[in-house]
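Engineer: Below is the sequence, then the predicted model.
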Amino acid sequence: MIKQQFGGATAHTRIIGSDQHLPPVAATSPYMTAPSLGPGIVALRQAGGYTADIDETVLQARKYLDRWLTKKCGRNANGARVIKCRAMLVADIDDTLVSWYSYYASPTSNWTVDKAAESAVMKACGTPAIKPTVKLLQYAESRGVAIVLISGRTEAQRSYTASCVKKIGVNGFKELIVRSPAQARSTAERFKSQERRALVRAGWKIALSVGDQVSDMSGGYAEAGFLLPNPMYFIP
């Protein structure tokens, strides 16, 4: 587990999570692992390191959320009081709620990017749930915390993305935010931090942001970020 500080527009966001990322989390350019590195990723999965890192990161996120609710919303915060507190959890989707590992590790993909094939997988909801993260969102919702999903997917992908998220068990999200055509060229960090800023300015308190990329939580407007492992690709 790692703990790092990243600057934001309104405050520093403490990021807690896994260092199982290639390239290092401080990289500034997009990255997709090479086929030659695929066997190493498969070995990591088979050895249980990936699952262990997800479990630990989610556990730390749940403990943090409980502490945050006690501090910000009252020691005995129930659903009604938390809603009054306007608490929110923001989460990414790809390799946060659903896993692309099986797709990229398959002989058909072999760790290469094929937008048309990936779109077909999305439409079919062919990415299995990452259950610990799904359960974290379900738990947060049970505490009265609003759930907002911010994804780099596009407006054209909204309908089947929403259906897939509900299918895997995330039914009570308040909003699904995807890229508009005007946001197509924004970095993930800029796009997501601007959307969080809008939520904060609307009166929400974002307790934490959960994702597999530093760009899911850097740029401010969240009090903490929880970073899941992803050695497959990097999106700044």
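Structural biologist: Received it, and whenever you're ready, just let me know what you need. Residues are numbered from 1 along each chain as shown.
Engineer: pLDDT weak spots in the chain?
Structural biologist: 1-12, 19-27, 75-82 (pLDDT under 70).
Engineer: List of residues touching the longest strand along the chain?
Structural biologist: The residue-count maximum for a strand in the chain (DSSP state E) belongs to strand 146-154. Residues external to strand 146-154 that are found in contact with it (C-beta atoms under 8 Å, 6 or more residues apart in numbering): 83, 86-94, 97, 122, 137, 140-141, 161, 165, 170, 172-179, 181, 184, 188, 191-192, 195-196, 199, 204, 216, 235. C-beta: built from backbone N, CA, C; applies to glycine.
Engineer: What of stretch 165-179?
Structural biologist: 88, 93, 97-98, 125, 128-129, 134, 137-138, 141, 146-155, 157-158, 161-162, 186, 191, 195.
Engineer: Could I get the buried residue list for that stretch?
Structural biologist: Buried positions in stretch 165-179, judged by neighbour count with 16 or more other C-beta atoms under 10 Å: 165, 168, 170, 173, 176-179.
Engineer: Show me what counts as buried in the lengthiest helix in the chain.
Structural biologist: Assignment by DSSP state H gives helix 49-73 as the longest helix of the chain. Neighbour counts using 16+ other C-beta under 10 Å place 50, 53-54, 56-58, 60-62, 64-65, 68-69, 73 of helix 49-73 among the buried residues.
Engineer: Out of the contacts of stretch 165-179, which end up buried?
Structural biologist: Buried, going by 16+ other C-beta under 10 Å: 88, 93, 97-98, 125, 129, 134, 137, 141, 146-153, 157, 161, 191, 195, out of those.
Engineer: Could you pull up the residues touching the residue most central in space within the chain?
Structural biologist: Residue closest to the mean C-alpha point of the chain, counted by C-alpha atoms, centre = their mean, is Gly211 at 2.3 Å. Residues in contact with Gly211 (C-beta under 8 Å, 6+ apart) are 91-92, 96, 217, 225-228.
Engineer: In strands, which of the residues you listed appear?
Structural biologist: Filtering these for strands - DSSP E - leaves 91, 225-227.
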